[in-house]
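> here's a sequence, model it:
(3 chains, ligands or ions: 2)
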Amino acid sequence: MAEAEQFAAVIVDAPGLGALDYRVPEGMLLAPGDRVIVPLGTRKVPGIVTGLSPVTEVPAKKLRRVAAVLSDTIPLHAEWLALTRFAALYYQRGWGESAVPALPLFMRRAPGVRHESWLKKARAIGPAGGEPGPRPQLNDEQAEACRQVLASGGYVPWVLFGVTGSGKTEVYLHLIEETLVRDPEAQVLLMVPEINLTPQLEARVRARFPDELVVAMHSDFPDGERARSWLAVHEGRARVLVGTRMSIFASFRKLALVIVDEEHDTSFKAGDGLRFSGRDLAVWRAWKNRCPVILGSATPSIETWAKVRKGDYKLLTLTKRASAEATLPAIRLVNPNRKGARTLLTPDAAAAMEATLKAGRQVLVFLNRRGYAPVLSCPSCGWVSTCRRCSTFTVFHKGAKRLVCHHCGWQTGIPPACPKCGDPDILPKGTGTERIEEELAVRFPDRRVLRIDRDSVSTRHEAEEAFRRVHAGEVDILVGTQMVAKGHDFANVGLVVVLNPDAQMLSPATRAREQLFATLMQVAGRAGRAGAQGEVLIQTRFQDDPLFAALARQDYVAFADAVLEDRRANMAVPYVHQAMLYAEAKSLAEAEFFLTEAVEIGMREAPPEVRIYDPVPMPLMRLMNVERAQLLVEADERPALQAFLARWRQSLRARAGVEWTMEVDPLEA
DNA sequence: AGCACGCCGACT
DNA sequence: GTCGGCGTGCTC
Ligand SMILES: [Zn+2]
Ligand SMILES: [Zn+2]
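Numbering: from 1, shown residues only, chains lettered A, B, ... in the order given. Ligands and ions are numbered 1, 2, ... in the order given. Coordinates of the predicted model:
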């Protein structure tokens, strides 16, 4: 006897399309969450079943049939469908656009001939085995933090606030252990900011839980490996997932704890595609799963701190450095050399370096600028080296003998003379790590200087080798960018010199100050961790700025409270909510024209509480020969903004030659 | 997003 | 006369 006809609602990765109805062929068994292959126009595309119904509104002649169901594993869980749907609504995209690309390619392709054997191999991975690694005794603060979290029930967002070296990781490991013990099916997500920190932490987690399957996920993984981890988590075999922001879209069978390490790190925010915040989605996911979420940081982001102050997030504080003999470094502020001086390095800094080196300790010189000089320029006519494709300078790299665009990678050779006036005396202007390295080699001829930045160590292996040399004492002076601030402890560094924080002090970006504070706290944490007190010498002409006073006391709370007060007074984020509309075109005029039209449409649709600003060129106006403009939209209340965006997005009409995207909660506004 | 359809400029 | 440029619109 023939069964009643059934229709499947299927989401696909195409903009502006909702769920599409398809006929379910007789004999095909479908459930919500099943991955399918469906015809779309002339193509066959992957899709996800979101519902099944005996009726449809779609006219019969339009209806087509589901081509195949990918039945190699259990359907996607309802919680995962809810997550991707929320992300789509919140970040203003189609459901299919958030859900389908979140699956590894392997999980959205019709199975090939080797599919079965791959699955068998993928499912064969098991725990590391061996003896569990050491379980250090928790100090009373760590123990109290764990006690509070474990005594709580259901959804509670916690901020684990602790300085570098206060033992946050040990708290994570303890909470993970307890979570896994309490429920044999429970799974944990541990998110970390950067790929190069993943293997380190992954190894530590694996060593601690040798009898459990611990898997990793990050964008450097080839798809096969990503799919293997994905499947292990989806099927509930993996108990712990360690990964970067993309891992927030993993499908969990029973998520029982979410941890976001270094939650203030900007890498949790996706810069292209669906511009989601991995940290914010982590909080949503914990809420949905009625489980705790831990946001760990020595310098929480200002939006997170606002939630602590409001009482939305609960605070756990670790004040003690785990190694008892470690003391806070002494912070000393000195005036920078006057503008136009030959070098960035002040006599004060040089003298302090001399003393530290004499005492047999290492020096870390911090400068957040790669290359020899940010630009090459002609003193006679004012010519400056610029990128052919972007509206920016090309950076002078002396060793490589190239001028390089740090935004698009375009390069060119060093011109022998000024291309404009022929003057042969073109000069590097400003200072990067390469130049400092050169200067220090001259100034300290019998000291060994090592530079660590993305140019000097491009592979993970090279980076490890460089850090090994520092640890082994084969280096006296270490010159580095951001790269040295994160994750690595240098036990014998007695002095940190911060050459030019004023570059960031002068930045107009809203978040520049708090990011600088976080960076300085991090580099300061590199000094004095092996008993003797370390020193941090900062060259700045903003010595009265409360930022440095707070830094000297390592007082994040005072700093963050002051920032919040300022933001409230100026009605800035996080007290207002923002979205940005970006337009890209061959010319700035076209991009701005699109946005001007968008403003007109918006003005008709916006309720009074939504404020629409004027279109302006993006800070980097031209990138890769594409010119860009942006438009800021703001509201005091989130729901008003979201409702407006949803409607506005539908009204924006495509224009030939103009690409547009929307970003909710932009980092830069 | 793809992909087809369609309407105008320049080549065999 | 058709080859291909991309502007426009549709996909259950
Ligand atoms: Zn010149
Ligand atoms: Zn460029």
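
> for the residue sitting nearest the centre point of chain A, give me its contacts.
Averaging the C-alpha coordinates of chain A gives a centre point, and the residue nearest to it by C-alpha atoms, centre = their mean is A:S267 (0.9 Å). Shown here is A:S267, whose contacts under the criterion C-beta atoms under 8 Å, 6 or more residues apart in numbering are A:P193, A:E194, A:T244, A:R245. (C-beta placed from N, C-alpha, C; glycine too.)

> can you rerun that using 10 Å?
Under the criterion of C-beta atoms under 10 Å, 6 or more residues apart in numbering, the contact list for A:S267 reads A:V192, A:P193, A:E194, A:I195, A:T244, A:R245, A:G278.

> quick one: A:F490 and A:A466 touch, right?
No. With contacts defined as C-beta atoms under 10 Å, A:F490 does not count as touching A:A466, sitting 11.6 Å away.

> can you tell me the helix or strand for A:A355?
helix A:347-358 (DSSP states H and E).

> and that helix, what's its mean pLDDT?
Across helix A:347-358, pLDDT averages out at 97.

> what do you get for stretch A:49-64?
Over the span of stretch A:49-64, the pLDDT mean works out to 96.

> wait, isn't A:H174 in contact with A:N139?
No. Under the criterion of C-beta under 10 Å, A:H174 lies out of contact with A:N139, with a separation of 11.6 Å.

> so for those two, which sits in the more crowded spot?
Higher neighbour count among A:H174 and A:N139: A:H174, with 21 against 16, using other C-beta atoms under 10 Å.

> host element of that one?
Using DSSP H and E, the element containing A:H174 is helix A:168-182.

> so what's A:A145 up against?
Taking C-beta under 10 Å, 6+ apart as the definition, contacts of A:A145 comprise A:138, A:158, A:160-162, A:167-168, A:170-171, A:174-175, A:294, A:315-318.

> returning to that earlier point: what is in contact with A:F490 and A:A466 at once?
Contact criterion C-beta under 10 Å, 6+ apart; residues bridging A:F490 and A:A466 by contacting each: A:V475, A:L478, A:V484.

> for A:N368, grab phi and psi.
Main-chain torsions, A:N368, degrees, to the nearest 10: phi -90, psi 60.

> and it, what pLDDT?
Per-residue confidence (pLDDT) for A:N368: 95.

> so it makes contact with A:D502?
No. Using C-beta under 10 Å as the test, A:N368 is too far from A:D502 to be in contact (11.4 Å).

> name the residues contacting each of these two.
Common contacts of A:N368 and A:D502, defined by C-beta under 10 Å, 6+ apart, comprise A:L516.

> let me know the helix or strand that the residue of the stretch 151-300 of chain A found nearest ligand 1 is in.
Using C-beta to the ion, A:G271 is the residue of the stretch 151-300 of chain A that sits closest to ligand 1, at 36.6 Å. If you go by DSSP H and E, A:G271 is not part of any helix or strand.

> pull the number of nearby residues for it.
As a burial measure, the neighbour count of A:G271 was computed by other C-beta under 10 Å and equals 9.

> surely it is in contact with A:E663?
Yes. Between A:G271 and A:E663 there is a contact at 9.1 Å, judged by C-beta under 10 Å.

> what do these two both touch?
The contact lists of A:G271 and A:E663 share no entry, where a contact means C-beta under 10 Å, 6+ apart.

> quick one: the strands in the stretch 501-650 of chain A?
Taking DSSP state E, counting those that start in this stretch as the test, the strands found in the stretch 501-650 of chain A are A:535-539, A:577-585, A:610-612, A:616-623, A:626-635.
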